[in-house]
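Asker: Can you look at this prediction? I've put the sequence above it.
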Amino acid sequence: MVVDKAFNIKIETQSIHPEYTINSEKQELIGATGLLKVFELKSSNPEKPFFWGRWDPKAQVMDIDIYNADSDIIKYFRGNKKDCGGHHPDLIDKNNRTFKVFIVISGENIFQGFVFFNINHTAHLETAHFGLTGYPVEFKIIRGPGNENLNSDKDL
């Protein structure tokens with residue numbers, strides 16, 4: 001199964017820097033790079049950094065990336081050093097995919113709150129034999145209305 005999009009995104013803001021807004025309106029499909037954006041946090045000042053909260057399907061966590069900042073700030077943000085942090089939010093409820101987010105840059109609080117979301121899994125199946133949790137499962141193609149004229153599975 002492949003994760004292809006985030007939906008039902010809810011953000012509970014506890015505090016936000018007055019120059020910043022957070023947006024989860026644009027719920028995108030996962031890109032070729034594996035980036036699945038959950039939210040964006042942008043400043044009204046184009047000189048300030050902006051952030052993307054993204055789902056990392058490999059690690060099964062949400063990460064926050066910083067953009068439009070110098071390389072030292074990016075390094076400090078990722079490593080939670082020198083009064084910068086927030087790259088790895090705390091997972092506080094695995095069942096409901098709830099993360100506690102706290103973003104700070106050079107000692108300045110940018111955002112604090114909670115992010116909840118669901119992810120969509122898509123299965124791309126072909127005729128094959130699979131083992132699922134130790135039990136063999138066989139998938140067969142069943143032609144339904146509109147597919148009667150297909151001559152073989154290769155036509156699918």
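Answerer: All right, it came through fine.

Asker: Just the residues contacting stretch 102-116, thanks.
Answerer: Contact with stretch 102-116 is made by 8-17, 20, 22, 38-39, 41, 49, 51, 53, 62, 64, 66, 69, 73, 77, 82-86, 89, 92, 96-101, as judged by C-beta atoms under 8 Å, 6 or more residues apart in numbering. Heads up, the C-betas are built off the backbone N, CA and C, glycines and all.

Asker: Show me where the chain has its helices.
Answerer: With DSSP state H, the ranges of helices along the chain come out as 71-79.

Asker: residue ranges with poor pLDDT in it?
Answerer: Within the chain, the stretches with pLDDT under 70 are 1-5, 7, 25-35, 120-156.

Asker: if we go to 50?
Answerer: Residues of the chain meeting the criterion pLDDT under 50: 129-132, 152-156.

Asker: just the strands in it please.
Answerer: 2-16, 20-23, 36-43, 50-56, 61-67, 90-93, 98-105, 108-122, 128-132, 135-139 (DSSP state E).

Asker: any chance of these in a markdown table, plus mean neighbour count?
Answerer: A markdown table is the format used below for those (neighbours: other C-beta atoms under 10 Å):
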| stretch | mean neighbour count |
| --- | --- |
| strand 2-16 | 14 |
| strand 20-23 | 15 |
| strand 36-43 | 21 |
| strand 50-56 | 21 |
| strand 61-67 | 18 |
| strand 90-93 | 11 |
| strand 98-105 | 20 |
| strand 108-122 | 17 |
| strand 128-132 | 8 |
| strand 135-139 | 9 |
